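1. this one's structure only:
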């Protein structure tokens, strides 16, 4: 993952827009993770939020580099996760592939929160994030 593009030091307005965008996405992901947790407990389908991503998409795409691709992928998978939550069998049971799809989305959302904070800080990826990348077969640039 590449850090932020080199705008931050020379353009405080762009930095402020990016900080606001990352904060909004972080809150939205936290809310979605809470909804997913409720689903885990009740097996009642939930509708995940995506408004902040649509609102801040251009800023994120322009300023986050490769991290934006992870954000866009996660948000593109929301309909699949929601559909998996809706497919329930007897006594609200879930097929293993549907459970795996939802749990994978949750795990990726948590990892993405860390990646966003890391990208905003402009620091090296933590050892944990590099390990997660290796396990998933992604190359870790930093």
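-> Great, that's in hand. Please read all numbers here as calculations on a predicted model, not as lab measurements. Residues are numbered from 1 along each chain as shown.

2. buried ones in the longest helix seen in the chain?
-> Across the chain, the helix with the greatest residue count (assigned by DSSP state H) is helix 12-42. Buried positions in helix 12-42, judged by neighbour count with 16 or more other Cβ atoms under 10 Å: 14-15, 17-18, 21-22, 24-26, 28-29, 32-33, 35-36, 39. The C-beta positions use only the backbone N, C-alpha and C, and glycine is treated the same way.

3. For the residues you listed, which two are the farthest from each other?
-> Across the buried residues of helix 12-42, the longest distance by Cβ to Cβ is 36.8 Å; it joins 14 and 39.

4. Flag the shaky bits of this structure, pLDDT-wise.
-> Flagging of the chain using pLDDT under 70 yields the residue ranges 1-10, 123-126, 129-130, 138-142.

5. Which residue ranges of it form helices?
-> 12-42, 51-64, 66-76, 78-86, 96-121, 127-136.

6. helices or strands up against the second one?
-> Same thing as helix 51-64. helix 12-42, helix 66-76 (3 or more Cβ pairs under 8 Å, 6 or more residues apart in numbering; DSSP states H and E).

7. for the longest one, the distance to its chain's centre please.
-> Counting by Cα atoms, centre = their mean, to the nearest Å, helix 12-42 is centred 8 Å from the centre of its parent chain.

8. Same check on stretch 102-117?
-> 5 Å.

9. any idea which residue of the chain is furthest from its center?
-> The C-alpha centroid of the chain is most remote from residue 90, which lies 31.0 Å away (Cα atoms, centre = their mean).

10. Contact partners for that one?
-> Going by Cβ atoms under 8 Å, 6 or more residues apart in numbering, residue 90 touches no other residue.

11. roughly how far apart are it and residue 97?
-> As defined by Cβ to Cβ, to the nearest Å, residue 90 lies at a distance of 17 Å from residue 97.

12. same deal with residue 56?
-> For residue 56, the distance to residue 97 - Cβ to Cβ - is 32 Å.

13. So for these two, which sits in the more crowded spot?
-> Between residue 56 and residue 97, counted using other Cβ atoms under 10 Å, residue 56 has the larger neighbour count: 21 against 9.
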